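>>> Next input, structure requested:
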Amino acid sequence: MTPETLWNRYAAIWSLDADAREPEMLACLADDVTYCDPNGAIAGRAGLSAYMAGFKESVPAGRFIILSVLHHNERSLARWELRHEDETVLQTGTSFAAISDGRLSAITGFFDPLAGQHHG
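Numbers count the residues shown, from 1 in each chain. Okay, the predicted model is just below:
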């Protein structure tokens, strides 16, 4: 699958129930996937699936939309938005991943500062 298709499928996983999440994780994520974002680091699909379940519980109407993808040499960068079901943008960010055998293998998520927040 193309990097764009891979990122779009991965983004959709975050909104799926556990039964639907597992086969998509197998298709999109390497067996030894790692994930980290400002909230912590996770190793393995089971740990990431549990983290996604917590996300879905805390933002039940949220879904990720991939805005753009850059890709070269088995490395990929995706700009995304987290949107509410009414299309309100809740968060924006960028995720980086290495790709191994056509699946995401080492994913790092970066969250943009929310409007009105200043970091200094």
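>>> For this structure, which segments are assigned as helices?
3-13, 18-28, 45-58 (DSSP state H).
>>> Now do stretch 62-71: everything it contacts.
Stretch 62-71 is contacted from outside by 3-4, 7-8, 11-12, 14-15, 55-56, 76-85, 90, 99, using C-beta atoms under 8 Å, 6 or more residues apart in numbering. Using the backbone N, CA and C atoms, a C-beta is placed for each residue, glycine as well.
>>> Only whichever of these are buried, select them in ChimeraX.
Filtering the contacts of stretch 62-71 down to the buried ones (16 or more other C-beta atoms under 10 Å) takes a single ChimeraX command:
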select :3,7,8,11,12,14,15,55,56,76,77,78,79,80,81,82,83,99
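>>> and stretch 71-78, average pLDDT?
In this model, stretch 71-78 carries a mean pLDDT of 97.
>>> Quote the end-to-end distance of it.
Distance across stretch 71-78, first residue to last, is 9 Å (C-alpha to C-alpha, to the nearest Å).
>>> again with stretch 67-79
First-to-last residue span, stretch 67-79, C-alpha to C-alpha: 5 Å.
>>> Distance from the chain centre to it, please.
Here stretch 67-79 shows a centroid-to-chain-centroid distance of 13 Å under the convention C-alpha atoms, centre = their mean, to the nearest Å.
>>> quick one: low-confidence ranges for the chain?
For the chain, the stretches flagged by pLDDT under 70 are 115-120.
>>> can you rerun that using 90?
The chain contains residues with pLDDT under 90 at 114-120.
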